[in-house]
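Visitor: output the structure for:
(one chain, ligands or ions: 2)
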Amino acid sequence: MSSQTSAAVQTVKVTLLLAGGHQYTLSLPSNSPILVAVMKVLASQTGNTVNNGSSPSQLFQIPLNDDRQALCFPSHQLIGVLTEPPLYVQQQKAQQMATPAPQPPAPVSHTITSRFVHLDNFLSDKECDRLLKYVKKRQKDFTSTTTSTGQADYRHSTVLYHFPEFSEMIVERIKGMMPEVLPQLDRPLFEPHDIEAQLTAHNDGHYFKLHNDNGSPDTANRELTYVYYFHNQPKNFTGGELLVYDSTIKNGYYAKADTYQRVEPRHNSIVFFLSRYLHEVLPVRCSSKKFTDSRFTINGWVRRSS
Ligand SMILES: O=C(O)CCC(=O)C(=O)O
Ligand SMILES: [Fe+2]
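Guide: Ligands and ions are numbered 1, 2, ... in the order given. Below is the predicted model of the structure:
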């Protein structure tokens with residue numbers, strides 16, 4: 001599991017001052033990769049006493065308004081940054097930036113790579129054993145999954161909705177991980193309004209086709225999806241990888257790109273990603289067809305208040 005701590009992370013109000021007198025204000029975690037990139041660009045521009053246009057421009061693509069919009073601009077349009085509380089680029093770093101090795105220009109791409117955080121060893125060995133014994137005992141309580149659209153053949157798996165022996169512990173841990181996970185997904189810290197949890201089993205031939213997790217009015221405030229993977233040892237299925245698709249921006253809205261991030265359902269690992277990302281679960285092959293050999297998950301969603 002990542003050892004990153006949250007102690008120094010705070011929300012920074014950032015106003016981007018752009019060429020032509022434009023400005024945009026957004027809130028970012030102080031360790032946001034976007035904020036770091038913006039400050040680096042400024043520092044590197046300071047190093048060129050006269051900006052003769054020789055330094056390569058990069059394309060900034062910043063999600064705004066809960067991802068309903070994106071602000072895109074080439075880095076040479078960035079004139080200054082107003083931060084509250086004040087942030088200063090360290091002088092030494094700025095000087096290092098001032099003499100950069102020549103770099104090839106960054107390719108201008110309209111594909112936005114989807115971010116995800118995948119952490120191993122989420123539970124202790126003892127907890128995993130207890131969980132595997134628990135699912136075996138509850139096998140008869142699993143029911144077939146459905147989708148909100150009711151579309152047949154869109155999803156095949158079984159699910160257990162009520163499992164307080166584990167769901168309460170998992171939800172508390174997920175909550176405690178928010179300060180570590182959100183900055184890595186470039187999202188500001190927020191107090192979760194609710195965290196849902198369900199226990200799923202994918203056996204032979206099961207899958208979940210392309211979907212997002214917040215596309216209906218009753219799911220619209222889902223911000224993060226988490227999936228905790230576990231299975232019998234040795235593993236007795238193949239497939240079942242999670243594909244998280246990248247995005248492009250079409251007419252100011254996010255759309256699916258052809259590229260994706262592939263997540264292996266590793267035993268005792270947990271993955272976090274934005275619920276708006278399109279994703280799918282590839283078919284599972286489990287020749288024994290035994291329930292206990294399934295690809296198991298505890299998965300759910302972190303909701304914000306509105
Ligand atoms: O099992 C997985 O890897 C993902 C499950 C999923 O996408 C969902 O339940 O919405
Ligand atoms: Fe999903």
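Visitor: up against ligand 1, what does the stretch 151-300 of the chain have?
Guide: Counting by C-beta under 6 Å from any ligand atom, the stretch 151-300 of the chain comes close to ligand 1 at 208, 213, 227, 242, 279, 281, 297, 299. Every residue, glycine included, has its C-beta placed from N, CA and C.
Visitor: surely L17 and F73 touch.
Guide: No. Applying C-beta atoms under 8 Å as the test, L17 and F73 come out as separate, 11.2 Å apart.
Visitor: between the two, who's got more neighbours?
Guide: Between L17 and F73, counted using other C-beta atoms under 10 Å, F73 has the larger neighbour count: 17 against 14.
Visitor: for the chain, give the residue positioned nearest to ligand 1.
Guide: Distance from ligand 1 to each residue of the chain (C-beta to the nearest ligand atom) is smallest for L242, at 3.8 Å.
Visitor: next, count neighbours for that residue.
Guide: Number of residues near L242 (other C-beta under 10 Å) recorded here: 24.
Visitor: and it, bridged to which residues?
Guide: Beta-bridge pairing for L242 (DSSP bridges): V263, V281.
Visitor: for I170, see how far away A201 is.
Guide: A201 sits 16 Å away from I170 when distances are taken as C-beta to C-beta, to the nearest Å.
Visitor: and for E280?
Guide: Distance of E280 to I170, computed by C-beta to C-beta: 23 Å.
Visitor: what of T143?
Guide: Noted for T143: a distance of 20 Å to I170, by C-beta to C-beta.
Visitor: would you turn the residues of the stretch 151-300 of the chain next to ligand 1 into a markdown table with pLDDT and secondary structure?
Guide: Output for these, formatted as a markdown table (pLDDT from 0 to 100; DSSP: H, G, I helix; E, B strand; the rest coil):
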| residue | pLDDT | secondary structure |
| --- | --- | --- |
| F208 | 97 | strand |
| D213 | 97 | coil |
| V227 | 98 | strand |
| L242 | 98 | strand |
| H279 | 98 | strand |
| V281 | 98 | strand |
| T297 | 98 | strand |
| N299 | 98 | strand |
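Visitor: so where's this protein uncertain?
Guide: By pLDDT under 70, the low-scoring segments of the chain are 1-9, 20-21, 31, 33, 45-56, 64-70, 89-109, 150.
Visitor: change it to 80
Guide: 1-12, 18-77, 79, 85-110, 146-152, 250-254, 306 (pLDDT under 80).
Visitor: can you list the domains in it?
Guide: The chain breaks down into these domains under automatic domain parsing: 11-108, 117-303.
Visitor: packed most tightly, which of the ones you listed would that be?
Guide: domain 117-303 (a mean of 17; mean count of other C-beta atoms under 10 Å).
Visitor: could you check how far it is from the centre of its chain?
Guide: Averaging C-alpha positions (C-alpha atoms, centre = their mean, to the nearest Å) puts domain 117-303 12 Å from its chain's average.
Visitor: start to end distance for it?
Guide: Domain 117-303 has its terminal residues 18 Å apart, counting by C-alpha to C-alpha, to the nearest Å.
Visitor: ok, stretch 132-148 next?
Guide: Rule used - C-alpha to C-alpha; the end-to-end distance of stretch 132-148 is 29 Å.
Visitor: ok, it near ligand 1 or not?
Guide: No. Counting by C-beta under 6 Å from any ligand atom, ligand 1 has no neighbours in stretch 132-148; the shortest distance is 7.9 Å.
Visitor: show residues contacting that stretch.
Guide: Identification of contacts with stretch 132-148 by C-beta atoms under 8 Å, 6 or more residues apart in numbering yields 154-161, 163, 165-166, 199-201, 208, 211, 215-216, 219, 230, 232, 291-292, 296.
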